[in-house]
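Asker: Could you look at this predicted model? Sequence included:
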Amino acid sequence: MVNGFNKNMHKQIPFGSRKIGEGAPVVVIAEIGINHEGDTGHCMRLIDEAASAGADAIKLQTVDADENYVPGTQSHKLFSKGYLSAEATAGAFNHAKSLGMEAFTVTGLRTFDWVERLEPAAYKISSSTLFHYPLLRRAALTSRSLLMSTGMAETSDIDDAVNWVQECGAVSIGLFQCTSVYPASSDILDLLTIGFLQDRYGVPAGFSDHSMGSEASVLAVAAGASMIEKHFSLDPSRPDFDHHISLDPGQFRKMVTRIREAETMLGTREKRLVPDAADIARRMRRYLVAAVDVPLGHTLTADDIGVMRLDDGQVGLHPRYFDDLVGAIAKVPIKKFKPLLFEQIEQRAS
């Protein structure tokens, strides 16, 4: 236990048929949420477009307004209009899976049991429900990964939530860096927090993006994000819901392309010499050469030895042997600018 929580967690966690974390491709999640506005057909079109745009998963919000919001509030009105029935949600999950995507959702206690029967890829704990400890406990009791957003939390809040779900039995946890401002400006995105979350808790971390556009999501991959969640809409100009911070299908497709390009550019953490670079290195590295014509029997001095790039195909001794050659005796004549090799010299007896 470190800082009160178990850091001996998994750096890679299950997500349906996929994995999230170290060594796995970045998981790109189309956050449909309630942008379907309670229309099942519209939800299906969103799922179709998300698959076409390259999303790995879709996320819904299966929240019972009467359970979660005081009647008469804006949230109660919005989530009442944006609710999908259990049957409609099951259809959405099945449709997403038929298109090769994972499906999961934010849920509440009242809807939890029927969501669990749908076998979601994970449970999303939204920034506001990070403080809903009865819900955290219920989700932790399943064998599914918990993907927890931190947009309304300080470090101490995250410590407490991670401790709680671990105590309740959770073994697969992922954390999202998030800023719960809609939209969030560039100066409050704090993408470096992604690495902080990974290091502090020993779990995969991602980015739930509430900024405008897709630049932050692409940069988040470079900052170490193993999952990206971005709001998705067929028409971001529509009023209410989360349309205004969403990408349309074309924009989402471009974001996915840029994320995959970023992954390619990031490559591997291990320093390696790729084949093309190895060929160039062989031709362009410096080797030890004769700086003058060296006669038979000559004792080499530092002035007799050069460090130079050779003609293509020629290889000499590594410059690390420079000092070893000083004081050695030439066993054969060596022409100026020719590579120096061990078989051409012998060490003077000490």
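Answerer: Great, that's in hand.
Asker: In the helix or strand encompassing residue 323, which residues are buried?
Answerer: Taking DSSP states H and E as the criterion, residue 323 maps to helix 322-325. Using 16 or more other Cβ atoms under 10 Å as the test for burial, helix 322-325 gives residue 325. Where you see a C-beta, it was placed from the backbone N, CA and C, and this is true even at glycine.
Asker: Could you list the residues in contact with that helix?
Answerer: By Cβ atoms under 8 Å, 6 or more residues apart in numbering, the residues outside helix 322-325 that reach it are 288, 300, 302, 305, 307, 317, 340, 345, 347.
Asker: among these, which ones are buried?
Answerer: For the contacts of helix 322-325, a burial check counting by 16+ other Cβ under 10 Å picks out 288, 300, 305, 317, 340, 345.
Asker: and the two most separated of those residues?
Answerer: Across those, no pair lies farther apart than 300 and 317, at 11.9 Å, counting by Cβ to Cβ.
Asker: which residues in the stretch 251-350 of the chain form strands?
Answerer: For the stretch 251-350 of the chain, strands defined by DSSP state E, counting those that start in this stretch occupy the ranges 287-290, 305-308, 329-330, 345-346.
Asker: Lowest average pLDDT across those?
Answerer: Least confidently modelled of those is strand 345-346, at a mean of 92 by mean pLDDT.
Asker: Just give me the closest of the contacts of helix 322-325 to residue 329.
Answerer: Of the contacts of helix 322-325, the one sitting nearest to residue 329 (Cβ to Cβ) turns out to be residue 345, at 6.3 Å.
Asker: Need the residues that contact the lengthiest helix in the chain.
Answerer: Across the chain, the helix with the greatest residue count (assigned by DSSP state H) is helix 249-266. Around helix 249-266, the neighbours that count as contacts under Cβ under 8 Å, 6+ apart are 25-26, 28, 30, 49-50, 52-55, 213-214, 217-218, 221-222, 228, 230, 232, 234, 247.
Asker: Off-centre distance for that helix?
Answerer: The chain centre lies 12 Å from the centre of helix 249-266; the measure is Cα atoms, centre = their mean, to the nearest Å.
Asker: What residues sit buried inside it?
Answerer: Buried residues in helix 249-266 (16+ other Cβ under 10 Å): 249, 251-253, 255-256, 258-260, 262.
Asker: Run through the helices of the stretch 151-300 of the chain in chain order.
Answerer: 155-167, 193-201, 215-222, 249-266, 275-284 (DSSP state H, counting those that start in this stretch).
Asker: what's the closest of these to residue 34?
Answerer: Closest among the helices of the stretch 151-300 of the chain, once you apply Cβ to Cβ, is helix 249-266, at 17.4 Å.
Asker: circling back to that earlier point, make TSV from the strands of the stretch 251-350 of the chain and add distance to residue 93 to it.
Answerer: Converted to TSV, these look like this (distance: least, Cβ to Cβ, whole Å):
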stretch	distance to residue 93
strand 287-290	63
strand 305-308	66
strand 329-330	79
strand 345-346	75
